[in-house]
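Colleague: Sequence plus predicted model, see below.
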Amino acid sequence: MKKYPPAFIAVIIFVIAIIWGLIKKNLSLIMLSDTLFMLGLPFLIIGILLWVFSSGFFDTFQRSMHEAVGRKQKKKANYTPLSQVGQGVYLFWLKIAGIILVCSLIFYAIGSI
(Lines give C-alpha, C1' and ligand atoms only; values in the text may rest on other atoms or scores of the structure.)
Protein backbone atom coordinates (compact mmCIF):
# COMPACT_ATOMS: atom_id res chain seq x y z
CA MET A 1 0.00 0.00 0.00
CA LYS A 2 2.72 2.46 0.88
CA LYS A 3 4.49 1.60 -2.33
CA TYR A 4 2.64 4.37 -4.16
CA PRO A 5 2.06 7.86 -2.77
CA PRO A 6 -1.55 8.84 -2.04
CA ALA A 7 -1.49 11.63 -4.64
CA PHE A 8 -0.57 9.14 -7.37
CA ILE A 9 -3.47 6.87 -6.46
CA ALA A 10 -5.83 9.87 -6.35
CA VAL A 11 -4.71 10.89 -9.86
CA ILE A 12 -5.35 7.35 -11.11
CA ILE A 13 -8.86 7.47 -9.63
CA PHE A 14 -9.40 10.87 -11.23
CA VAL A 15 -8.39 9.46 -14.63
CA ILE A 16 -10.72 6.50 -14.10
CA ALA A 17 -13.58 8.92 -13.38
CA ILE A 18 -12.87 10.84 -16.59
CA ILE A 19 -12.67 7.63 -18.64
CA TRP A 20 -15.96 6.48 -17.07
CA GLY A 21 -17.61 9.75 -18.12
CA LEU A 22 -16.29 9.41 -21.65
CA ILE A 23 -17.52 5.83 -21.90
CA LYS A 24 -20.98 6.86 -20.69
CA LYS A 25 -20.87 9.86 -23.08
CA ASN A 26 -22.10 12.07 -20.27
CA LEU A 27 -18.97 13.92 -19.19
CA SER A 28 -19.86 17.08 -17.31
CA LEU A 29 -18.48 18.77 -14.24
CA ILE A 30 -21.42 17.70 -12.07
CA MET A 31 -21.19 14.09 -13.28
CA LEU A 32 -17.43 14.13 -12.65
CA SER A 33 -18.07 15.51 -9.18
CA ASP A 34 -20.60 12.78 -8.42
CA THR A 35 -18.30 10.05 -9.72
CA LEU A 36 -15.33 11.31 -7.73
CA PHE A 37 -17.48 11.52 -4.60
CA MET A 38 -18.65 7.92 -5.01
CA LEU A 39 -15.11 6.71 -5.71
CA GLY A 40 -13.77 8.61 -2.68
CA LEU A 41 -16.28 7.22 -0.18
CA PRO A 42 -14.72 3.74 0.17
CA PHE A 43 -11.35 5.31 0.94
CA LEU A 44 -12.98 7.58 3.51
CA ILE A 45 -14.87 4.71 5.15
CA ILE A 46 -11.77 2.49 5.39
CA GLY A 47 -9.66 5.38 6.69
CA ILE A 48 -12.16 6.33 9.38
CA LEU A 49 -12.60 2.70 10.41
CA LEU A 50 -8.84 2.23 10.78
CA TRP A 51 -8.62 5.55 12.63
CA VAL A 52 -11.23 4.44 15.17
CA PHE A 53 -9.48 1.08 15.58
CA SER A 54 -6.11 2.77 16.12
CA SER A 55 -7.54 4.98 18.87
CA GLY A 56 -7.73 1.95 21.17
CA PHE A 57 -11.48 2.22 21.69
CA PHE A 58 -12.11 -1.48 20.99
CA ASP A 59 -9.00 -2.90 22.73
CA THR A 60 -10.75 -3.58 26.04
CA PHE A 61 -13.64 -5.33 24.33
CA GLN A 62 -11.24 -7.36 22.18
CA ARG A 63 -9.15 -8.36 25.22
CA SER A 64 -12.20 -9.47 27.18
CA MET A 65 -13.46 -11.53 24.22
CA HIS A 66 -10.10 -13.27 23.89
CA GLU A 67 -10.05 -13.99 27.62
CA ALA A 68 -13.58 -15.44 27.46
CA VAL A 69 -12.71 -17.64 24.50
CA GLY A 70 -9.40 -18.59 26.14
CA ARG A 71 -11.20 -19.86 29.25
CA LYS A 72 -13.23 -22.27 27.17
CA GLN A 73 -10.19 -23.51 25.28
CA LYS A 74 -7.94 -23.60 28.40
CA LYS A 75 -5.12 -21.83 26.62
CA LYS A 76 -3.89 -18.30 26.18
CA ALA A 77 -4.78 -16.88 22.77
CA ASN A 78 -2.25 -14.63 21.09
CA TYR A 79 -3.75 -11.65 19.33
CA THR A 80 -2.80 -8.27 17.97
CA PRO A 81 -4.75 -5.40 19.51
CA LEU A 82 -6.86 -3.45 17.04
CA SER A 83 -5.03 -0.27 18.02
CA GLN A 84 -1.88 -1.68 16.40
CA VAL A 85 -3.58 -2.92 13.23
CA GLY A 86 -4.29 0.45 11.62
CA GLN A 87 -1.85 2.55 13.59
CA GLY A 88 -0.07 4.36 10.76
CA VAL A 89 -2.08 3.17 7.78
CA TYR A 90 -5.22 5.23 8.31
CA LEU A 91 -3.51 8.44 7.18
CA PHE A 92 -2.74 6.83 3.83
CA TRP A 93 -6.44 6.10 3.21
CA LEU A 94 -7.61 9.48 4.54
CA LYS A 95 -5.17 11.41 2.34
CA ILE A 96 -6.49 9.68 -0.78
CA ALA A 97 -10.08 10.31 0.30
CA GLY A 98 -9.30 13.94 1.10
CA ILE A 99 -7.75 14.63 -2.28
CA ILE A 100 -10.60 12.97 -4.15
CA LEU A 101 -13.35 14.65 -2.11
CA VAL A 102 -11.75 18.10 -2.42
CA CYS A 103 -11.58 17.62 -6.20
CA SER A 104 -15.21 16.55 -6.13
CA LEU A 105 -16.22 19.70 -4.24
CA ILE A 106 -14.20 21.91 -6.60
CA PHE A 107 -15.86 20.41 -9.68
CA TYR A 108 -19.26 20.69 -8.07
CA ALA A 109 -18.70 24.38 -7.25
CA ILE A 110 -17.49 25.14 -10.78
CA GLY A 111 -20.26 23.11 -12.41
CA SER A 112 -23.08 24.69 -10.40
CA ILE A 113 -22.15 28.24 -11.39
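Modeller: Nice, I can see it. Numbering: from 1, shown residues only.
Colleague: Okay, buried residues for stretch 18-36 please.
Modeller: Buried positions in stretch 18-36, judged by neighbour count with 16 or more other CB atoms under 10 Å: 21, 29, 31-36. Just so you know, the C-beta spots here come from the backbone N, C-alpha and C atoms, and that holds for glycine as well.
Colleague: Low-confidence stretches in this structure?
Modeller: 1-2, 70-77 (pLDDT under 70).
Colleague: one more time with 80
Modeller: Scanning the chain for pLDDT under 80 picks out 1-2, 57-59, 62-83, 85-88.
Colleague: How much space separates the residue nearest the centre of it from Val69?
Modeller: Residue closest to the average C-alpha location in the chain (CA atoms, centre = their mean): Phe43, at 2.4 Å. Remark: distance between Phe43 and Val69 (CB to CB, to the nearest Å) = 33 Å.
Colleague: Kindly report the same for Leu36.
Modeller: From Leu36 to Val69 the distance is 43 Å (CB to CB).
Colleague: buried stuff in the helix or strand harbouring Ala109?
Modeller: Here Ala109 sits within helix 90-111, counting by DSSP states H and E. Using 16+ other CB under 10 Å as the burial criterion, the residues of helix 90-111 that qualify are 90-101, 103-104, 107-108.
Colleague: re the thing from before, I'd like to know which of the buried residues of stretch 18-36 is nearest to Trp51.
Modeller: Leu36 (21.5 Å; CB to CB).
Colleague: pretty sure the closest one contacts Tyr108?
Modeller: No - counting by CB atoms under 8 Å, Leu36 sits too far from Tyr108 to count as a contact (9.0 Å).
Colleague: Tell me which stretches of the chain form helices.
Modeller: For the chain, the helices defined by DSSP state H cover 6-24, 29-54, 59-73, 82-85, 90-111.
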